[in-house]
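J.: quick one, structure for this:
(4 chains)
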2 protein chains.
Amino acid sequence: MKTTIKDVAKHAGVSFKTVSRVINKENGVAKDKIEKVEAAIMALNYLPNQNARRLRGKSTNIGFMYDNPNSNYVITMLHGILAKCRERNYELIVHPCQSADKSAYDEIILTVQRSMIAGVILTPPMSEDSVLLEQLDKANIKFVRIISSATPPQDIERTIYVNDRLAAYQITEHLIKMNHKKIAFFNGDIEHKSSVERLKGYQSALQDHGIELNPKWVLEGRYSFESGMARAKDMLAYSEVPTAIFACNDEIAAGALFAARMVGVDVPAQLSIAGFEDSPFSRQTWPSLTTAKQPNDLIAGHAAETLIDMVSSRPADEPIEHDHGYLPEVLVRQSVIELPA
Amino acid sequence: MKTTIKDVAKHAGVSFKTVSRVINKENGVAKDKIEKVEAAIMALNYLPNQNARRLRGKSTNIGFMYDNPNSNYVITMLHGILAKCRERNYELIVHPCQSADKSAYDEIILTVQRSMIAGVILTPPMSEDSVLLEQLDKANIKFVRIISSATPPQDIERTIYVNDRLAAYQITEHLIKMNHKKIAFFNGDIEHKSSVERLKGYQSALQDHGIELNPKWVLEGRYSFESGMARAKDMLAYSEVPTAIFACNDEIAAGALFAARMVGVDVPAQLSIAGFEDSPFSRQTWPSLTTAKQPNDLIAGHAAETLIDMVSSRPADEPIEHDHGYLPEVLVRQSVIELPA
DNA sequence: TCAAACGTTGACAACGTTGTCCCAATAAAT
DNA sequence: ATTTATTGGGACAACGTTGTCAACGTTTGA
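T.: The predicted structure is shown next:
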């Protein structure tokens, strides 16, 4: 038998409404009663029934929708979001989905409505699909999204952005400073904005350092080990082989590493490889991967905070500045070697 | 303005209770009315308010508590559980925790009570902590746990078990069949029952094949890359070096692989390495790891199903047979080589 | 001294659903 | 024809909370 607000009221010798006031920190309750009520709450180990609360008032659920095969990314985001939810006493509905199947969108919207979710957090690639965003707006569902962008997006109040372009620029620049001039780029899924951004960063770094881009060395592909392996195998059979590969993420880099080993090319002695994302295994390959680390926990926390502020309709404490978005940090490890000048 | 059950009733020309009956598939409603009500539900795009439902009736939340640093494991379990939850119309509260900090237990129990969670799913290592289990029982919280065991546990009705011992036996046997006789064992966290079980499997495989166990080759450690690397570095400096390593999981194996490469030992030519768990990266190391794959999605789904049956207090459809628990499957890849007989 | 104002408190309705009960209409049995 | 089951469906309470409003006692100002 659960203890209810009325049990507390009886125990404290007040009406149950007064107990409600104390719980919700409304003002207009005498101090001695507050103490009595709090004592009663302690004594009875009372916990408000969230369902009743939600029935009467507003929803305190938010959703996390994702369509990303990378476990590590998802878990990091999840933990960042959960931490904020606990802090703010919100509950999280986790909802993995396949955005490939566009009928999934209806299902998402249905889920949101059914679960009385106040708003959702979207991550790439779903966060970049304008069809989905429009549908959400039409269904009047609030959301905060995380995207890849080099400049503040228009809807900055509900968008957290990560400056992949600048980070890719820095990685490329790092390769150039190590005297690499023949630098290949292995792209990820072209539908992901991050891959486009990373390519742009690569391109402008080359340009700024007066290195001509060889289009044969810019390879399309996917964000997968297999893609990296296949592209590297192709490329290593070229008549002119680059001295370095900038892979759009660590999986691709690991695939390239694997292929290099298969055909007997030594990394980094004969070929340098850089990745992106700082996946856990990037530290554990041989050689370990030079890569860029994204502060995903911070990003997720920020997104959750923004969403909760939005749906609890109280003004955000102090709008967090985003002058340049979140900037991944370059991690120098062993897979890139310096060439003689 | 949300549409409620009464709007539907008005639209269908029946009382709202009848609508409730239709929704809950209670019998005692004429067919024509059922059709009318269903049409009205469609027309108004009505969705029952879950909070009101839960307030009146039982909780439809279950919890997933975990304390496992392995993202891939967690995500796989999560998805297995979520799939069942959707099917059965339950909601999942995800709750990562640090079981190291024993005060976390109170917090878990508090969370369960606050969120009106009907029951929780526990994974190793938490699922093996008798203190936690006792506290849950005392707090009258239902749970289903997943553990490592070679025989059916006493509380079989709320325990799903994975036969790590037999799988480890099979991996070891595989090594023996490849003519390895000097086989080292790199253990994981000794507090995890899985590591104890895997060690036992290793031991009895050796015994059954008349190979004497060299205690110097059984090394304590943790379930981590660093542990595998350190142990391998130590071991490769021994006067007598084994021809194969059976690592308690893939991370350890990857660490050993890394160390071998560091000191110039060729894998698999000079040293075979087998892992355990089939982590995604185990396919992507060079050479790819021979390992054992656990059917984690099935296991998680089974756990969720068992728990939901338990808390919805309806007898399980047909109790699923577990004669020997779930058996991981040996995956032969490249990191183990056959020795001349 | 009385009225107005204030701070404090409680009675009651409402949220949207499900469970209980009971009544009406029909079918079956006498 | 009358009674007895059986079925369908409605009225109402209940779940545990918050919002609204009125009433209370006390202080303040005229």
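
J.: what does chain A put close to DNA strand D?
T.: Within reach of DNA strand D by C-beta under 7 Å from any atom of the strand, chain A has these residues: A:2, A:4-6, A:16-17, A:20, A:23-24, A:47-49, A:52-53, A:55-57. For glycine as for every other residue, the C-beta is placed from the backbone atoms N, C-alpha and C.

J.: can you tell me which of the residues you listed are in helices?
T.: Among those, the members falling in helices (DSSP state H) are A:5-6, A:16-17, A:20, A:23, A:52-53, A:55-56.

J.: just the buried ones out of the residues of chain A next to DNA strand D, please.
T.: Using 16 or more other C-beta atoms under 10 Å in any protein chain shown as the burial test, these include A:4-5, A:20, A:23, A:48-49, A:52-53, A:55 as buried.

J.: which one of those residues is nearest to A:N296?
T.: Nearest to A:N296 among those: A:R53, at 31.8 Å, using C-beta to C-beta.

J.: which residue packs closest to that closest one, ignoring adjacent ones?
T.: Excluding its sequence neighbours, the residue lying closest to A:R53 (C-beta to C-beta, 6 or more residues apart in numbering or on different chains) is A:T60, at 7.6 Å.

J.: same thing with A:R222?
T.: For A:R222, the spatially nearest residue (C-beta to C-beta, 6+ apart) is A:D189, at 5.1 Å.

J.: if I take the biggest helix by length in chain A and helix B:71-88, what angle do their directions form?
T.: The single longest helix within chain A, with elements called by DSSP H, is helix A:71-88. Orientation check (axes from the mean of the first three to the mean of the last three C-alpha atoms, to 10 degrees): helix A:71-88 against helix B:71-88 gives 70 degrees.

J.: next helix or strand past helix A:71-88?
T.: Sequence-wise, the next helix or strand downstream of helix A:71-88 (DSSP states H and E) is strand A:91-96.

J.: tell me which strands that next one pairs with, and in which orientation.
T.: With DSSP bridges as the test, strand A:91-96 is paired with strand A:61-66 (parallel).

J.: average model confidence for the partner strand?
T.: Mean per-residue pLDDT for strand A:61-66: 92.

J.: which of the residues in that strand are buried?
T.: A:61-66.

J.: export the buried ones among the residues of chain A next to DNA strand D to a markdown table and tack on distance to B:G221?
T.: Output for those, formatted as a markdown table (distance: C-beta to C-beta, whole Å):
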| residue | distance to B:G221 |
| --- | --- |
| A:T4 | 51 |
| A:I5 | 52 |
| A:S20 | 55 |
| A:I23 | 49 |
| A:P48 | 46 |
| A:N49 | 47 |
| A:A52 | 50 |
| A:R53 | 48 |
| A:L55 | 52 |
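
J.: identify the farthest-apart pair in those.
T.: A:I23 and A:L55 (15.9 Å).

J.: closest residue of the stretch 51-200 of chain A to DNA strand C?
T.: When scored by C-beta to the nearest atom of the strand, the stretch 51-200 of chain A has A:R56 as its residue closest to DNA strand C, at 3.7 Å.

J.: distance check, that residue against chain B.
T.: In this structure, A:R56 and chain B are 9 Å apart, going by C-beta to the nearest C-beta, to the nearest Å.

J.: which residues touch that residue?
T.: If you count contacts by C-beta atoms under 8 Å, 6 or more residues apart in numbering or on different chains, A:R56 has none.

J.: ok, it to B:I147 distance?
T.: Separation of A:R56 from B:I147 (C-beta to C-beta, to the nearest Å): 41 Å.

J.: can you check A:P125 too?
T.: Applying C-beta to C-beta to A:P125 and B:I147 gives a distance of 37 Å.

J.: now A:E212
T.: 61 Å.

J.: which one of the two is surrounded by more residues?
T.: Taking neighbours as other C-beta atoms under 10 Å in any protein chain shown, A:E212 and B:I147 compare with B:I147 leading, 21 against 8.

J.: report pLDDT for that one.
T.: In this model, B:I147 carries a pLDDT of 96.

J.: can you verify it is assigned to a helix?
T.: No. Counting by DSSP: H, G, I helix; E, B strand; the rest coil, B:I147 is not found in a helix; it is strand.

J.: that one contacts B:S127, doesn't it?
T.: Yes. Taking C-beta atoms under 8 Å as the definition, B:I147 is a contact partner of B:S127 at 5.2 Å.

J.: what about A:T285, how many residues nearby?
T.: Using other C-beta under 10 Å, A:T285 has 27 other residues around it.

J.: surely it is in contact with A:L257?
T.: Yes. With contacts counted by C-beta under 8 Å, A:T285 reaches A:L257, the gap being 5.9 Å.

J.: find residues that contact each of the two.
T.: A:S335.

J.: who in the stretch 101-250 of chain A is up against chain B?
T.: A:110, A:113-116, A:225 (C-beta under 8 Å from any C-beta of the partner chain).

J.: residue ranges for the strands of chain A, please.
T.: A:61-66, A:91-96, A:119-122, A:142-148, A:159-162, A:183-186, A:218-219, A:244-247, A:272-274, A:291-293, A:329-331 (DSSP state E).

J.: buried deepest among the ones you listed, which one?
T.: Looking across the strands of chain A with neighbours counted as mean count of other C-beta atoms under 10 Å in any protein chain shown, the highest average goes to strand A:244-247: a mean of 32.

J.: show residues contacting that strand.
T.: Strand A:244-247 has contacts (C-beta under 8 Å, 6+ apart) with A:168, A:171-172, A:175, A:178, A:180, A:182-186, A:202, A:228, A:232, A:235, A:253, A:255-256, A:271-276, A:336.

J.: now it, how far from the centre of its chain.
T.: 24 Å (C-alpha atoms, centre = their mean, to the nearest Å).

J.: export it as CSV, just CAs?
T.: Taking C-alpha atoms only, strand A:244-247 is exported to CSV below (Å, rounded to 0.1, in the frame of the first residue of the first chain):
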residue,chain,number,x,y,z
ALA,A,244,48.3,10.2,-45.9
ILE,A,245,44.7,9.4,-45.6
PHE,A,246,42.2,11.5,-43.8
ALA,A,247,39.3,9.2,-43.0
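
J.: name every strand pairing with it and say which way it goes.
T.: Strand A:244-247 has these strand partners (DSSP bridges): strand A:183-186 (parallel), strand A:272-274 (parallel).

J.: any chance of TSV for these, columns mean pLDDT?
T.: What follows is the strands paired with strand A:244-247, written out as TSV (pLDDT from 0 to 100):
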stretch	mean pLDDT
strand A:183-186	98
strand A:272-274	98
